[in-house]
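Peer 1: Please work out how this folds:
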Amino acid sequence: ISKGPGNSKSSKSTAVPPGPPVYLDLVYIPNHSNRKNVDVEFFKRVRSSYYVVSGNDSAAEEPSRAVLDSLLEGKAQWDSNMQVTLIPTHDSEVMREWYQETHEKQQDLNIMVLASSSTVVMQDESFPACKIEL
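Peer 2: Next up is the predicted model:
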């Protein structure tokens with residue numbers, strides 16, 4: 001019996017398969033930015049100009065501080081210092097603390113965090129929004 005690549009078992013599963021980096025314009029960080037699915041390897045391999053960080057559930061640790069720290073660690077290993085913009089979908093205590101505590105490192109790594117409190121007003125409705133120009 002031969003074992004093909006699909007039959008081999010690994011002691012550690014990873015959300016990102018091995019291979020060269022992938023460059024994208026916009027990435028939505030999966031699973032509400034939960035650390036179970038996104039780690040340093042994700043940010044080393046999935047390189048984007050814009051990352052959308054979802055999550056507004058502090059009980060479920062979303063967004064995860066570990067995911068935000070993984071962005072810094074992964075980006076530090078890129079071979080270029082391209083601009084990265086982080087777009088949070090909600091204002092959260094985790095995001096605010098991370099932003100303040102790591103602001104200098106964000107600047108060193110050319111990472112900009114957009115404010116999550118933008119609002120669009122149309123007729124009698126207003127709703128949260130963010131404008132992205134590519």
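
Peer 1: got the CA positions of the longest helix along the chain in CSV?
Peer 2: Looking across the chain with DSSP state H, the single longest helix is helix 65-75. The C-alpha coordinates for helix 65-75 follow below in CSV (Å, rounded to 0.1, in the frame of the first residue of the first chain):
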residue,chain,number,x,y,z
ARG,A,65,-4.6,39.1,20.4
ALA,A,66,-2.5,36.1,19.3
VAL,A,67,-3.7,36.6,15.7
LEU,A,68,-2.8,40.3,15.8
ASP,A,69,0.7,39.5,17.2
SER,A,70,1.1,36.8,14.5
LEU,A,71,0.6,39.5,11.9
LEU,A,72,3.5,41.5,13.3
GLU,A,73,5.8,38.4,13.6
GLY,A,74,4.8,37.1,10.1
LYS,A,75,5.2,40.5,8.4
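
Peer 1: pLDDT on it, on average?
Peer 2: For helix 65-75, mean pLDDT is 94.

Peer 1: can you give me the strands for the protein?
Peer 2: 22-28, 46-53, 84-88, 111-113, 119-122, 125-128 (DSSP state E).

Peer 1: Could you dump the ones you listed into TSV with distance to Glu97 added?
Peer 2: Bear in mind the C-beta positions are built from the backbone N, C-alpha and C, glycine included. Formatted as TSV, the strands of the chain follow (distance: least, Cβ to Cβ, whole Å):
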stretch	distance to Glu97
strand 22-28	23
strand 46-53	14
strand 84-88	13
strand 111-113	12
strand 119-122	23
strand 125-128	21
